[in-house]
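Participant: when you get a sec, could you give me coordinates for this:
(chains A and B)
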Amino acid sequence: MPEDTPKGDKPEEQQPEDQEGAMEAAEVARRQGPRNPVLRFFAQNRGITALLAVMLLGVLFTPQYGADTPYLLALVRGEAKPLMADTPEGRQLQPPLFLTSNLHASMLYEYAEYGLLATGMTLVILTAGIDLSVGSVLGITAVWFTWLLMGHGLPPLAAAGGAITLGAICGLANGLLVSRMGLQPFVATLAMMVAARGGAKVISGGQKVAPGLHDWFYVQRGTPDFMKWMTDPAVGGFLRPVTVLFVVAIVVMALMVKYTRFGRYLYAIGGNEEAARLSGVPVNGAKILSYSLCGALAGLAGISNACRLRLGNPEAVFTFELDAIAAVVIGGTSLMGGRGSVIFTLIGTLIIGYINKILSVNAVPEAYRLLVKGLIIVVAVVIQSRRQAK
Amino acid sequence: MRARMTWYLLTALIVAGLLVAGCSRPETGTEPTATTGTTTQPDDTWEPPDRGGEYEIVFEADCKWLEDVAQNEMNSALSREPEIDVVYGHNDPSAHGAFTASQQADQERAETIRFIGIDALPHEGITYVEEGILAATFEYPTGGPQAIRAAALLLSGAEVPKNIALGTTVYTAENVGEGGRYVAPDEKEGWVKADALDEMDEPTLTQEYLVGFSQCNLNEPWRVQMNADVEAAAEAYPEIQLSMKDAQNKTEDQQAQVREFIEQGVDLIIISPKESRPLTEPVAEAMEAGIPVIVLDRKIEGDNYTCFIGGDNVLIGRQAGLWVRETFPDGAYIVELKGLMTSTPAQERHDGFMQGLRGEGAEPTEEPNPEPGTDEEATEPEPEEGTDGESPSANDEPAETEGTDEEPTDGETETEDEPTSE
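Facilitator: Here you go, the predicted structure:
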């Protein structure tokens, strides 16, 4: 480029200064964003912008009921059904599936477990840690829960308590290994990931825990009422208790991270662990608590999973830990710790959940789904790193 | 403040969602599906729907053999397709996941749908059929009993066919009490039906023999079942001592195991290889040392082995397709929940199913009586029996072909089979 040549001739000291000054100005302008408050809001809250974009894609790219081409494509081809149609039952709306309650209800239901895992993961990632074991802990707690409920006939709440306790114990072990023994979080939780899968298989003898697994099982046939209750639409025929559990858990965690001393410790540790320690933050205690909470939430997710599948599957949600990490990252929480929030993770979970749902409802082949997911993670991380660069 | 704005926006989103929920057409319940509503007790009053003779796959998804995934995909199918008659899962867990998803979405509608799977492990598929969860399940045989039978024949000096094809057993609500209906394998050039083994003279063993058995991986229920079948069958021949080894999904370990068997001087080796190419060499060494080798389930390269015994996923898929034709004579709208489609078993189960839907190979179905002592048609489910204590793990594993050793994700590809009880 022609402009470069004169610049190159200038004394070297001046050039970087000029550039820096220009960049700074641009940076300031960028940070402030557009003047318009609405636009500025979207520029500053990229997670929400992305979520809305995904929802818009959902409206355009889900088929109508009974059709198999995305709505936009059907419109272009002129195959789209009218939005309002006369049917034997009277006039009915025929919107793209994304505008039906059913799709949202089932998405929230399917991704409740995933959201629970990602929420727990956020607490750990805020401290600049990572928990690879959440998927396995979900597996072991799902097995343990069904074992207690169906095998020993414990009351559902007791069985659920047992499962959450077991999850918390796994998390506690992670926390102790990381804080007291000084293991890398990656290594400690990798060990737990493997061990918890093993433990799940030990409990169940490698089988799926289902009614009648052994002669002595308390439940020999059918499904315990509690499992049915957990998965039957309750709130307005729309939300299931599993979904409500997820929403409540995420709200409680968000409030806790935002308004308690423990929450602020997490950010302090993630920001600069040594500085936090020197300023009197109980680093080890906070870390142990965050891993334990992560485990307990995985226990809740395990209960949800068992209720959904009607059995305890030791291999449940194989490789889900990576999806949970992806949800956290897409939401905008930094893997380096100290930045982010549980609400970001909720947004990340919804983004991933909606994208998966849109792909699934279109029956997109697996290979393309993986490509799309990978692309989304990259885009999210690029956005995040630009924000951090400021 | 940004944080507060976030909260407001979220609240607004939730309210908007609820509004959409309230306004939009209820998906469930009131659907004008032709078949819905007529039946609550499916088995009594249920009649096959009239689809004008069309067998159409209205929704398909790669569920990677995983039950969780099958559930999610089934939810998508239910929310999109007004009419679903039958769900074909490439394994029983997928079919079960589809069943639970349908139940949870809309119980009335779920009762109008038939679910079929492949596997027929005693604790999974067969139990599901007994409980009325699945309408049918199709066995993927382990070949364990045939392997022992072939071993005994070889040790007694008899000749055994080089390639032995296994059949399958179809379990439906009607026949599950009687141990299912055996379907003989296809005629293929260079292959002999497993039934031929039973027609051969009972081997007489005059001395003690040591037989080495190398299992590639005991981390999936189907392979556990294979071991159980092998052990159970070996009880019929007190002269045969079994030395069972588990390679724990490591090819190198399995190579070493075969070589150990050779050094040990076993009289015969049975191997269910993890990968074909790397195990071809050790098997050749055994053959050179004069030890007969029976290869189970997955092949090795070339033909330097004594006997190969394996099931046929195309046959099994075809039986599933034929079942659909038989049960839905006027056509059906089908949801297919596939296994990991990069694995051979899933591809074959799909291909076979399509053949069956076209009505190909309908004749073998008629074959009424299974050979009398066929090990293969496992007599009765007796669910508890084979599996109780064993079987570690649930899902998983890849295909029976060579290339698949990547990771455990690929689910129960080859799972299935019930215990052959004698």
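Participant: can you give me the neighbour number for residue 60?
Facilitator: In the absence of a named chain, this looks at chain A. Each residue near A:L60 was counted by other C-beta atoms under 10 Å in any protein chain shown, and the total is 15. C-betas here are computed from N, CA, C, even on glycine.
Participant: other chain: chain B
Facilitator: A count of nearby residues for B:E60, using other C-beta under 10 Å, gives 18.
Participant: that one contacts A:N362, doesn't it?
Facilitator: No: the criterion here is C-beta atoms under 8 Å, and B:E60 misses it with A:N362 at 11.5 Å.
Participant: give me the nearest residue to the residue of the stretch 101-250 of chain B found nearest chain A, chain neighbours excluded.
Facilitator: The nearest approach of the stretch 101-250 of chain B to chain A comes at B:Q104, 4.7 Å away (C-beta to the nearest C-beta). Excluding the flanking residues, the one nearest B:Q104 by C-beta to C-beta, 6 or more residues apart in numbering or on different chains is A:T231, at 4.7 Å.
Participant: how about A:G171?
Facilitator: Excluding its sequence neighbours, the residue lying closest to A:G171 (C-beta to C-beta, 6+ apart) is A:G295, at 2.1 Å.
Participant: ok, now A:L148?
Facilitator: In space, A:L148 is closest to A:A159, 3.8 Å off (C-beta to C-beta, 6+ apart).
Participant: surely the one you found touches A:T141?
Facilitator: No: counting by C-beta under 8 Å, A:A159 stays clear of A:T141, with 10.4 Å between them.
Participant: between those two, which is the more surrounded one?
Facilitator: Ranked by neighbour count (other C-beta under 10 Å), A:A159 and A:T141 place A:T141 first, with 34 against 24.
Participant: quick one: secondary structure of that one?
Facilitator: Secondary structure assignment for A:T141 (DSSP: H, G, I helix; E, B strand; the rest coil): helix.
Participant: roughly how far does the nearest residue to it once chain neighbours are set aside sit from B:P82?
Facilitator: The spatially closest residue to A:T141, leaving aside those adjacent along the chain, is A:G302, at 3.1 Å (C-beta to C-beta, 6+ apart). Plainly put, A:G302 is 35 Å away from B:P82 if you go by C-beta to C-beta, to the nearest Å.
Participant: got it, and A:L157?
Facilitator: Counting by C-beta to C-beta, the gap from A:L157 to B:P82 is 39 Å.
Participant: more neighbours: these two, which one.
Facilitator: The neighbour comparison of A:L157 against B:P82 (other C-beta under 10 Å) goes to B:P82, with 17 against 9.
Participant: quick one: A:C170 and A:A163, what's the gap?
Facilitator: Counting by C-beta to C-beta, the separation of A:C170 from A:A163 is 11 Å.
Participant: in the strand or helix carrying B:Q104, what counts as buried?
Facilitator: In this structure, B:Q104 sits in helix B:92-105 according to DSSP states H and E. Residues of helix B:92-105 classed as buried by neighbour count (16 or more other C-beta atoms under 10 Å in any protein chain shown): B:92-105.
Participant: which single residue of the stretch 151-300 of chain A approaches chain B most closely?
Facilitator: A:G206 (2.9 Å).
Participant: burial count for that residue?
Facilitator: Neighbour number of A:G206 under other C-beta under 10 Å is 22.
Participant: now do the helices in the stretch 51-200 of chain A.
Facilitator: According to DSSP state H, counting those that start in this stretch, the stretch 51-200 of chain A carries its helices in the segments A:71-77, A:101-110, A:112-126, A:134-146, A:156-179, A:185-204.
Participant: and the second one, does that touch chain B?
Facilitator: Yes: with C-beta under 8 Å from any C-beta of the partner chain as the threshold, helix A:101-110 lies in contact with chain B, specifically through A:101-106, A:109-110.
Participant: CSV for these, including neighbour count and pLDDT?
Facilitator: Shown next, in CSV, are those (neighbours: other C-beta atoms under 10 Å in any protein chain shown; pLDDT from 0 to 100):
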residue, neighbour count, pLDDT
A:S101, 24, 82
A:N102, 22, 82
A:L103, 26, 86
A:H104, 27, 88
A:A105, 25, 86
A:S106, 26, 86
A:Y109, 26, 89
A:E110, 24, 89
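Participant: strands of the stretch 301-422 of chain B, residue ranges please.
Facilitator: Residue ranges of the strands in the stretch 301-422 of chain B, as given by DSSP state E, counting those that start in this stretch, are B:307-310, B:331-338.
Participant: swap in the stretch 1-150 of chain A?
Facilitator: Under DSSP E, counting those that start in this stretch, the stretch 1-150 of chain A gives strands at A:84-87, A:90-93.
Participant: and these as JSON lines, adding mean neighbour count, distance to chain B and mean pLDDT?
Facilitator: Formatted as JSON lines, these follow (neighbours: other C-beta atoms under 10 Å in any protein chain shown; distance: least, C-beta to the nearest C-beta, whole Å; pLDDT from 0 to 100):
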{"stretch": "strand A:84-87", "mean neighbour count": "10", "distance to chain B": "6", "mean pLDDT": "72"}
{"stretch": "strand A:90-93", "mean neighbour count": "12", "distance to chain B": "5", "mean pLDDT": "73"}
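Participant: hmm, back to that, could you dump the helix holding B:Q104 to PDB, C-alpha only?
Facilitator: Provided in PDB are the C-alpha atoms of helix B:92-105 (Å, rounded to 0.1, in the frame of the first residue of the first chain):
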ATOM      1  CA  ASP B  92     -32.900 -51.000  22.100                       C
ATOM      2  CA  PRO B  93     -31.800 -48.000  24.300                       C
ATOM      3  CA  SER B  94     -32.600 -45.700  21.400                       C
ATOM      4  CA  ALA B  95     -36.000 -47.200  21.000                       C
ATOM      5  CA  HIS B  96     -36.600 -47.000  24.800                       C
ATOM      6  CA  GLY B  97     -35.500 -43.400  24.800                       C
ATOM      7  CA  ALA B  98     -37.900 -42.600  22.100                       C
ATOM      8  CA  PHE B  99     -40.600 -44.400  24.000                       C
ATOM      9  CA  THR B 100     -40.000 -42.400  27.200                       C
ATOM     10  CA  ALA B 101     -39.800 -39.200  25.300                       C
ATOM     11  CA  SER B 102     -43.100 -39.900  23.600                       C
ATOM     12  CA  GLN B 103     -44.700 -40.800  26.900                       C
ATOM     13  CA  GLN B 104     -43.500 -37.600  28.500                       C
ATOM     14  CA  ALA B 105     -44.600 -35.500  25.600                       C
END
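Participant: so after it, what's the next helix or strand?
Facilitator: Assignment by DSSP H and E places the next element after helix B:92-105 at helix B:107-110.
Participant: hang on, the earlier thing: how about the strands of the stretch 301-422 of chain B, which one is nearest B:W65?
Facilitator: Among the strands of the stretch 301-422 of chain B, the nearest to B:W65 by C-beta to C-beta is strand B:331-338 (8.9 Å).
Participant: partners of the closest one, with directions?
Facilitator: The strands that strand B:331-338 pairs with in its sheet are strand B:54-62 (parallel), strand B:86-89 (parallel) (by DSSP bridges).
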